[in-house]
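In: sequence-free structure coming up:
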């Protein structure tokens, strides 16, 4: 129980202070948040495979928070491609089974 409370508190704090927001100029309501390196140690992406390349996600590489989900990528650069058209790639996102 303490671990759950810690994680909820940590996510609330890091989302506000540590993460970098990337606003889409075409739609200011749509926000993408970059997950920083230290935060990646406790975050788990919702996907097993990269929505851009379709390869296995590497948890040590860039992650983004989009629509309250952590999305992982297979290699550096895929996150930048995702940012350019997140709606297209979110539709290609294969979520892990719970």
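Out: Looks like it arrived, so ask away. Just so we're clear, the structure is a prediction, and the values are computed from it rather than from any experiment.
In: C-alpha from now on. contacts and neighbour counts both.
Out: Noted.
In: run through who's touching the host helix or strand of residue 65.
Out: Element membership for residue 65, per DSSP states H and E: strand 63-66. The contact list for strand 63-66, computed with Cα atoms under 8 Å, 6 or more residues apart in numbering, reads 31-36, 40, 45, 70-73, 79.
In: helix or strand right after it?
Out: strand 69-72.
In: about what we covered before: and of the contacts of strand 63-66, the nearest to residue 96?
Out: Checking the contacts of strand 63-66 against residue 96 with Cα to Cα, the nearest one is residue 45 at 8.6 Å.
In: hmm, back to that, using pLDDT, spot the least trustworthy of the contacts of strand 63-66.
Out: Of all those, residue 40 carries the smallest pLDDT score, 67.
In: for residue 32, what are phi and psi?
Out: Main-chain dihedrals, residue 32, degrees, to the nearest 10: phi -120, psi 130.
In: you'd agree it is up against residue 83?
Out: Yes - Residue 32 is within contact range of residue 83, at 7.4 Å (criterion: Cα atoms under 8 Å).
In: quick one on the thing from earlier: I'd like the contacts of strand 63-66 laid out as TSV, including neighbour count and distance to residue 91.
Out: Output for these, formatted as TSV (neighbours: other Cα atoms under 10 Å; distance: Cα to Cα, whole Å):
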residue	neighbour count	distance to residue 91
31	17	17
32	21	16
33	21	18
34	21	19
35	23	21
36	17	24
40	17	23
45	20	16
70	18	15
71	29	12
72	30	14
73	28	15
79	22	15
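In: thanks a lot, see you next time.
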